[in-house]
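Undergrad: Here is a sequence together with a model predicted from it:
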Amino acid sequence: MSWLSRLLERFGRRIQAEAGGPLAERKGVVRVGPPPIEGVAPHPGNIEKYERLYRESSLVNSAVNSLTDMIVGAGYFTEAGEEEAKRLVDEYAEVVNLDGLLRRACQLMLIYGFAPVERWWANGLLNLKPLPPRTLYIRLDEKGRLLGYRQRTWSGRSIDFAPEEIIWICHNELPGQPYGVSLIEPIINLIEYKQEILEDLCRIVHRYASPLNIWITRADISPIKSAVEQREPDEDIFIGRASKDDVEIKTLEMDPRGRYTDYLNVINEEIYEALKAPFLVHLRNATEASARVQLEVIQRHVEGIQRYLKRIIEGEIFRPMIEKHGLGEVPRLRWGRPSTGVENISVEDVARLVQAYVITSKQAVDLLKKMGLPIEAEEEKREN
């Protein structure tokens, strides 16, 4: 090989490497934190608290459920130029109850930061099953390449999954943190602080409801102590052969106004900001303009999650079904209800169309029914 050929070969390899060709290798390491245990990436340190706080904290429970309703609660529809492809995915979604599965997966994703969904083929059908996130671990090499998944069951048995057997739905995934970030993670300390403050407030309320009395006597205190401890709430205490100076009662006046109001407000504001959910108690005290801005911010947050889930559903669920049946077009998922064309038409508009002889009265009645007005047929009226 001549020097010119060697120079061209070296120069060609350099260009190919810089262009990301087959000679280029990943050099950056994305693994962060402690080394993997038994070949799997460790879970976040607070994963045990996520479900407990979802069950015990009304704010967390309300935020997760409200966001889930906003993300997937309105349902979806599909669009495709190829009618057979649309019919296939619509029938498949009804068979596997895709609406219910998406709701469970979305809740798990918000609570834990990730939602693993197992998928497998059986009798030509792509089956889907959400798995408990606390039992699933991801296997990556130090450069971020996916090797597979491993489930550790409650009995201690391990089950390995190939990459294509799991749909990995993640919330706010960061480099080197394949389990995403739970919606609850940023506020765990705040929630725990608030719970401690509320416990202290309950103690103050109980203490104030039953004032602290100090009994002072020159004689033996034992009979009085026994009488006070054993009395019923509606019973009096009788003391004989004693002057007014022999027994004295002092009641400690306690201030019922807790000094926690401002601190609780700060904590609540931080929690509201982190959860990005529509809390009624928060919106109730806001002005109309402020409430509108808050809802717009929340809606943008919801739309971002919807767009992410849309790509997951189309690529990981719809596409395998389409390819399995030899079809070409993957249907597009749209959130909400399909447009009927009558959303912006008022009853007055329909009346004007009738008056202008653009539509007939029968067509106007049909149009009003599509708009959702409860109009009975003429025959039904006559029968009644």
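TA: Yes, it's here. Numbers count the residues shown, from 1 in each chain.
Undergrad: I'd assumed residue 128 was in a helix, is it?
TA: No - checked against DSSP: H, G, I helix; E, B strand; the rest coil, residue 128 lies outside a helix; its state is strand.
Undergrad: what's it in contact with, if anything?
TA: 96, 98, 101, 117-119, 167, 317 (Cβ atoms under 8 Å, 6 or more residues apart in numbering). Just so you know, the C-beta spots here come from the backbone N, C-alpha and C atoms, and that holds for glycine as well.
Undergrad: could you pull out the helices for this protein?
TA: Assigned by DSSP state H, the helices in the chain fall at 3-18, 47-56, 58-68, 83-96, 98-112, 188-209, 222-230, 261-275, 280-284, 288-313, 319-324, 347-355, 361-370, 378-383.
Undergrad: Adding distance to residue 250, write the ones you listed out as CSV.
TA: What follows is the helices of the chain, written out as CSV (distance: least, Cβ to Cβ, whole Å):
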stretch, distance to residue 250
helix 3-18, 87
helix 47-56, 40
helix 58-68, 40
helix 83-96, 72
helix 98-112, 52
helix 188-209, 16
helix 222-230, 14
helix 261-275, 29
helix 280-284, 41
helix 288-313, 50
helix 319-324, 79
helix 347-355, 75
helix 361-370, 77
helix 378-383, 80
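Undergrad: Can you tell me which of these is most buried?
TA: helix 98-112 (a mean of 21; mean count of other Cβ atoms under 10 Å).
Undergrad: circling back to that earlier point, indicate which one of the helices of the chain is closest to residue 334.
TA: helix 288-313 (8.2 Å; Cβ to Cβ).
Undergrad: what about the closest one, average pLDDT?
TA: Mean pLDDT, helix 288-313: 89.
Undergrad: Of the contacts of residue 128, which pair is most distant in space?
TA: Pairwise over the contacts of residue 128, using Cβ to Cβ, the maximum falls at 98 and 118, 14.8 Å.
Undergrad: Sketch out the low-pLDDT regions of the stretch 151-300 of the chain for me.
TA: Within the stretch 151-300 of the chain, the ranges that satisfy pLDDT under 70 run 207-211, 233-234, 242, 252-260, 281-282.
Undergrad: at 90 what do you get?
TA: Scanning the stretch 151-300 of the chain for pLDDT under 90 picks out 153-157, 172-178, 193-298.
Undergrad: And the stretch 1-150 of the chain, by the same measure?
TA: In the stretch 1-150 of the chain (pLDDT under 90), the answer is 1-42, 45, 58-59, 73-75, 81, 123-124, 140-146.
Undergrad: swap the cut-off to 80 and go again
TA: 1-39, 142-144 (pLDDT under 80).
Undergrad: mind checking how far stretch 139-150 is from the chain centre?
TA: From the chain centre to the centre of stretch 139-150 is a distance of 26 Å (Cα atoms, centre = their mean, to the nearest Å).
Undergrad: For residue 286, give its distance to residue 293.
TA: Note on residue 286: its distance to residue 293, by Cβ to Cβ, to the nearest Å, is 9 Å.
Undergrad: Actually, residue 132.
TA: Applying Cβ to Cβ to residue 132 and residue 293 gives a distance of 38 Å.
Undergrad: Also residue 123?
TA: Distance from residue 123 to residue 293, by Cβ to Cβ: 51 Å.
Undergrad: Surely residue 105 and residue 115 touch.
TA: Yes - between residue 105 and residue 115 a contact is recorded at 4.4 Å, counting by Cβ atoms under 8 Å.
Undergrad: Spell out which residues are contacts of both of those two.
TA: By Cβ under 8 Å, 6+ apart, the residues touching both residue 105 and residue 115 are 130, 169.
Undergrad: Run a quick neighbour tally on residue 74.
TA: Residues lying near residue 74 (other Cβ atoms under 10 Å) number 11.
Undergrad: So for it, what's the nearest residue that isn't a sequence neighbour?
TA: residue 336 (5.0 Å; Cβ to Cβ, 6 or more residues apart in numbering).
Undergrad: wait, what's in contact with the residue nearest to residue 332 when sequence neighbours are not counted?
TA: Spatial nearest neighbour of residue 332, chain neighbours left out: residue 79 (4.8 Å); criterion: Cβ to Cβ, 6+ apart. Residues near residue 79 by Cβ under 8 Å, 6+ apart: 86, 331-332, 334.
Undergrad: among the residues you listed, which ones are buried?
TA: Buried residues within these, counting neighbours by 16 or more other Cβ atoms under 10 Å: 86, 331.
Undergrad: List just the nearest of the contacts of residue 79 to residue 221.
TA: Using Cβ to Cβ, these come closest to residue 221 at residue 334, 79.0 Å.
Undergrad: The closest one contacts residue 76, correct?
TA: Yes - using Cβ under 8 Å, residue 334 is in contact with residue 76, at 6.2 Å.
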